[in-house]
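>>> Sequence and predicted structure below; questions after.
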There are 2 protein chains.
Amino acid sequence: VRVEASQLVRFVTAVLTACDLGPDDAARAAELMVAADARGAENHGVFRLAQYVRRIQEGGINPNPSIRVVEDHPSTALLDGDNGMGHLVMSRAAEIAIEKARATGLGWVGARRSNHAGPAALYALMPCAHDMIGMYLAVGSANHMAPWGGTERLLSTNPISIAVPALSRPPVVLDIATSVVAFGQVKSHVLRGEQLPHGWMIDQLGRPLQDPADVHEGSLLPVGGHKGYGLALLIGLLAGTLNGAAFGTDVIDFNADFRSETNTGHSVVALDVASFGDASSFMARVDAVCSVIQHSAPLPGAESVRIPGDRSATRMSESYRHGIAVRPELVVELNGIADQLNVPAPRI
Amino acid sequence: VRVEASQLVRFVTAVLTACDLGPDDAARAAELMVAADARGAENHGVFRLAQYVRRIQEGGINPNPSIRVVEDHPSTALLDGDNGMGHLVMSRAAEIAIEKARATGLGWVGARRSNHAGPAALYALMPCAHDMIGMYLAVGSANHMAPWGGTERLLSTNPISIAVPALSRPPVVLDIATSVVAFGQVKSHVLRGEQLPHGWMIDQLGRPLQDPADVHEGSLLPVGGHKGYGLALLIGLLAGTLNGAAFGTDVIDFNADFRSETNTGHSVVALDVASFGDASSFMARVDAVCSVIQHSAPLPGAESVRIPGDRSATRMSESYRHGIAVRPELVVELNGIADQLNVPAPRI
């Protein structure tokens, strides 16, 4: 089903307003959730609405947070999200990082007492709109990964996103989990009862885990073995520990627990390209580098070499032109949430 | 052969002085080269001396650079390394980043017209000595990797290092190439005539390349497939393109060309932990997180779970206590360089 983006934003705004979010906050969070779907990050978009609503209803998310700056320096800040929706905390963090970068060349804003904020790329892209390089780091919202060489799930799939603005092409956007796959992809296989591919998970003895029935006894594998483990650990220290947020044993599984404050930590960095010389000429050089790579010889069987972020950018322009693809079951679920909350029509 | 660190530093200093480096510059570069060996990064330490000397002799490195700050903002700077040794350019960059972080919370210093600087961790660790988090990004000094889905070697193994200070344990240090293995490991196999392990390289048709004779027709694989490719590309844009340094087609292979200026780009970031609250309490939390991970259950067959950087820290304390391990062939090579340059005794 294709739903017009603005219609989906209005719908999600109405649902969040019914959950006691202020109208501006509801609209902001709704826009970011819909933007996630528009870019094709369906697992981090309106699909999460039911979970957010349940958390708000059970006291796990504060619908009216007072987001405060608790540390403020010329190029850094630390926010206390007051357990509000992550979208609100992190879009605020990105705004402050951009302001600081405009003044000093660089801004790094961390947050604690935040919540799941959707796909990493959304926040790394915010500085790009101001001719800045953006970066986003987060502690994931559940521990599904053991350290390399271990069996205890002490790590999340801690994602990193880096976005670089270009002149006449979309920004170059890296957005990766530090596990081989995100746990969402495992869950999709479980729902369909399909065997997991080799290399996604291991069991308590380190053997490949492929039976969807055994997923809860296993651990996701870090991308590139010890390298992905190291990256997940360092991102956790930067986005969690440094911000006074959860990391390691104190991470709450937000899929299973709807009441406890998650104390989610994330950080946004903005780097002003103009501090390194003329911004347009940098962006033209980015165009040129990408063009060479994109037009280089593909492997036999590959159509062409891709630049990270291009697929999402194409998807986004399609979404805003033809409407956002929403699975029929999700439409039913979303309308059910609206009914339950007595949100006035229209439905989607 | 074990050589005392101070003796090795004196020796390398004498060789570099004989190559017309000023005494302070020679000592600085020598200390960093020996520190690389001390940490066990042998491929990036005194092993490179012959290559550096030849580059200086053939005009590929400027022994008396005038390293200049060409862009200066409260939290960022851009250095022109005047084609000097990378060690000098990047230790200067780290100093400036630390100063800026002390003043504003954060410093990001990029460099262009630099050269190979040894292992990434050296520069990420410099801010740690000031209770700061350090980060280092670089464009590698030769293109051995194709973009994911492609066959043309347009990318280097662009490394990233992140170092986080702890209270009563060594810093946590990530130091990774974005390829599955560094090209140095491939070269070691070639020298010994050994088959390469599956998963290191592919040939022009995308098939596994394992015959050491075919290495020059192949491409290193990025770590984690498209994820490592994306990371290599973004690091290249940040450390190369942003700094006005080489990246992509303009990278010079410093193993094959000893005359052309490489225009190597790298960046150092310093983040002051005290900007996020009490530094000691942060470092104590780092200790605690590491302790839980380190003492968590290992996989059957694994001795224990490791924290990144610990092995190098152990190696370093052994090196400074018992001397630095130098292969006998390398001792011969090093003494040969000193003879050729008429460096006065002693030899090692």
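Here it is on my side, so go on. Numbering: from 1, shown residues only, chains lettered A, B, ... in the order given.

>>> Can I get the lowest-mean-pLDDT helix or strand in chain A as CSV, trimmed to CA atoms?
Least confident helix or strand, chain A: helix A:183-192 with a mean of 90, by mean pLDDT, DSSP states H and E. Presented in CSV, the C-alpha positions along helix A:183-192 are these (Å, rounded to 0.1, in the frame of the first residue of the first chain):
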residue,chain,number,x,y,z
PHE,A,183,18.5,-8.2,14.9
GLY,A,184,15.4,-7.1,12.9
GLN,A,185,16.6,-9.2,10.0
VAL,A,186,16.9,-12.2,12.4
LYS,A,187,13.3,-11.5,13.6
SER,A,188,12.0,-11.5,10.0
HIS,A,189,13.5,-14.9,9.5
VAL,A,190,12.0,-16.1,12.8
LEU,A,191,8.5,-14.8,11.8
ARG,A,192,8.7,-16.7,8.5
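
>>> Assign A:V173 to helix, strand or coil.
strand (DSSP: H, G, I helix; E, B strand; the rest coil).

>>> Setting the sequence-adjacent residues aside, check what's closest to it.
Nearest non-adjacent residue to A:V173, counting by C-beta to C-beta, 6 or more residues apart in numbering or on different chains: A:G309, 3.0 Å away. All C-beta atoms are positioned from the backbone trio N, CA, C, and that covers glycine.

>>> do A:R169 as well
Leaving aside its sequence neighbours, A:R169 sits nearest to A:D287 (C-beta to C-beta, 6+ apart; 5.6 Å).

>>> Check whether the one you found sits in a helix, strand or coil.
Once three-state DSSP is applied, A:D287 turns out helix.

>>> Report the angle between the longest helix along chain A and helix B:86-104.
Longest helix in chain A by number of residues (criterion: DSSP state H): helix A:86-104. Angle of helix A:86-104 versus helix B:86-104, following axes from the mean of the first three to the mean of the last three C-alpha atoms, to 10 degrees, is 110 degrees.

>>> Next secondary structure element downstream of helix A:86-104?
Using DSSP states H and E, the helix or strand that follows helix A:86-104 in sequence is strand A:106-114.

>>> So for the residue nearest the centre of chain A, what's the pLDDT?
Centroid check for chain A by C-alpha atoms, centre = their mean gives A:P119 as the closest residue, at 2.0 Å. Looking at A:P119, its pLDDT is 96.

>>> Now do it against A:P159, distance only.
Relative to A:P159, A:P119 is positioned 8 Å away (C-beta to C-beta, to the nearest Å).

>>> Mind listing the shared neighbours of the two?
Common neighbours of A:P119 and A:P159, using C-beta atoms under 8 Å, 6 or more residues apart in numbering or on different chains, are A:D175.

>>> re the thing from before, let me see the contact set for the residue nearest to A:R169.
A:166-169.

>>> residue boundaries of the helices in the stretch 1-150 of chain A?
With helices called from DSSP state H, counting those that start in this stretch, the stretch 1-150 of chain A shows them at A:5-18, A:23-38, A:49-57, A:86-104, A:120-128.

>>> Check which residues of stretch A:317-326 are buried.
Of all the residues in stretch A:317-326, those buried under the rule 16 or more other C-beta atoms under 10 Å in any protein chain shown are A:319, A:323-326.

>>> Could you list the low-confidence segments of the stretch 151-300 of chain A?
For the stretch 151-300 of chain A, no stretch is flagged by pLDDT under 70.

>>> Please enumerate the strands of it.
Secondary structure of the stretch 151-300 of chain A (DSSP state E, counting those that start in this stretch): strands located at A:160-164, A:172-176, A:201-202, A:219-220, A:264-272.

>>> What is the third one packed up against?
Taking 3 or more C-beta pairs under 8 Å, 6 or more residues apart in numbering or on different chains; DSSP states H and E as the contact definition, the neighbouring helices and strands of strand A:201-202 are strand A:219-220.

>>> what about the strand it packs on, distance to the chain center?
Chain-centre distance of strand A:219-220: 20 Å, with C-alpha atoms, centre = their mean, to the nearest Å.

>>> Return the list of helices and strands in contact with it.
strand A:201-202.

>>> Identify all contacting residues around the strand it packs on.
With contacts defined as C-beta under 8 Å, 6+ apart, strand A:201-202 is touched by A:146, A:186, A:208-210, A:215, A:218-221.

>>> Need the nearest residue in space to the residue lying farthest from the centre of chain A, chain neighbours excluded.
Going by C-alpha atoms, centre = their mean, the residue of chain A most distant from its centre is A:P300, 33.3 Å out. Among residues not flanking A:P300 along the chain, B:L205 sits closest, at 5.6 Å (C-beta to C-beta, 6+ apart).

>>> With B:V180 as the reference, measure out to the one you found.
For B:L205, the distance to B:V180 - C-beta to C-beta - is 19 Å.

>>> and what of A:R315?
29 Å.

>>> quick one, which of these two is more surrounded?
Using other C-beta atoms under 10 Å in any protein chain shown as the criterion, A:R315 and B:V180 rank with B:V180 on top: 22 against 17.

>>> thinking that one is in contact with B:P222, fair?
Yes. Look at B:V180 against B:P222 with C-beta atoms under 8 Å: they come within range, at 7.2 Å.

>>> List the contacts of the spatially closest residue to A:A29 that is not a sequence neighbour.
Closest residue to A:A29 apart from its sequence neighbours, by C-beta to C-beta, 6+ apart: A:H87 at 4.3 Å. Each residue near A:H87 by C-beta under 8 Å, 6+ apart is listed here: A:28-29, A:32-33, A:117-118.

>>> where's A:F47 relative to chain B, distance?
To chain B, A:F47 is 23 Å away according to C-beta to the nearest C-beta, to the nearest Å.

>>> Pull the number of nearby residues for that residue.
Neighbouring residues of A:F47 were enumerated by other C-beta under 10 Å; the total is 19.

>>> Just say helix, strand or coil for the closest residue to it other than its chain neighbours.
Residue nearest to A:F47 in three dimensions, not counting chain neighbours: A:L330, with 6.1 Å by C-beta to C-beta, 6+ apart. Of the three states, A:L330 takes helix under three-state DSSP.
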